[in-house]
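> 3D, please:
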Amino acid sequence: MATFSLKTVQKIPVDIDTAWEFFSNPANLQAITPKNLGFKILSKHHGDKMYPGQIIEYKVSPVLGIPLYWMTEITHVKDKEFFVDEQRFGPYQLWHHQHHFKIVEGGVEMTDIVHYRNPLGFLGNIANTLFVKAQLKQIFEFRFKVVEELFGKWPGTVINKVEFHKAA
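Numbers count the residues shown, from 1 in each chain. You can find the predicted model right below:
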């Protein structure tokens with residue numbers, strides 16, 4: 001069974017308060033997720049401020065429109081620097097998503113690092129090659145575009161790249 005990782009970096013021309021306020025509010029997740037995934041927040045008691053131990057429940061339809069239940073826990077939060085969500089129940093065997101924010105000249109640099117493992121052993125590895133990797137790439141490219149629409153484009157050359165790696 002392989003563990004995969006992906007990394008994206010996006011510079012956003014806003015101050016750290018604006019970036020943190022938006023990305024650390026679970027209600028904004030739906031706005032930055034492609035509509036074809038049928039993503040919907042189910043939990044009613046998750047609050048609008050992120051905190052360690054926070055549970056957020058979703059419905060998502062990543063394969064053939066079949067709805068799946070997904071529960072994540074916010075395990076770590078350092079205000080205006082980073083937060084981590086980890087899957088407790090859902091489509092992956094492992095899902096560990098780090099969200100980092102760094103003040104840079106002209107705005108904020110946001111870095112996402114995801115480690116994930118698909119279920120079903122070698123079949124999950126095949127699924128990763130056939131569609132999971134491409135779907136995650138599409139999700140993060142969609143987010144990149146929506147963030148630019150919401151907050152503006154970073155001046156100059158911007159490389160929109162989703163890097164994938166397989167653990168040795």
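> For the nearest residue to Phe164 once chain neighbours are set aside, list the residues it contacts.
Nearest in space to Phe164, with sequence neighbours left out and distances taken as CB to CB, 6 or more residues apart in numbering, is Leu6 at 5.0 Å. In short, each C-beta sits where N, CA and C put it, glycine included. Neighbouring residues of Leu6 by CB atoms under 8 Å, 6 or more residues apart in numbering: 112-114, 116, 136-137, 140, 162-165.
> among those, which are in helices?
136-137, 140 (DSSP state H).
> returning to that earlier point: only the buried subset of the contacts of Leu6, as a ChimeraX command please.
ChimeraX command restricting the contacts of Leu6 to the buried ones, with burial defined by 16 or more other CB atoms under 10 Å:
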select :112,113,114,116,136,137,140,162
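> Could you point out the longest strand of the protein?
The longest strand of the chain (DSSP state E) is strand 66-78.
> contacts for it?
24, 38, 42, 50-62, 82-91, 95, 97.
> Which of those are buried, as a PyMOL select command?
Buried residues within these, by 16+ other CB under 10 Å, are selected in PyMOL with:
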select buried, resi 24+38+50+54+56+57+58+60+62+82+83+84+85+86+87+90+91+95+97
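> low-confidence ranges in this protein?
Counting by pLDDT under 70, the ranges of the chain that qualify are 46, 124, 128, 159, 168.
> Now do the strands for it: every range, in order, please.
Going by DSSP E, the chain shows strands at 4-12, 40-41, 54-63, 66-78, 82-89, 94-104, 107-117, 162-166.
> among the ones you listed, which is nearest Pro34?
Closest to Pro34 of the strands of the chain, according to CB to CB: strand 54-63, at 10.1 Å.
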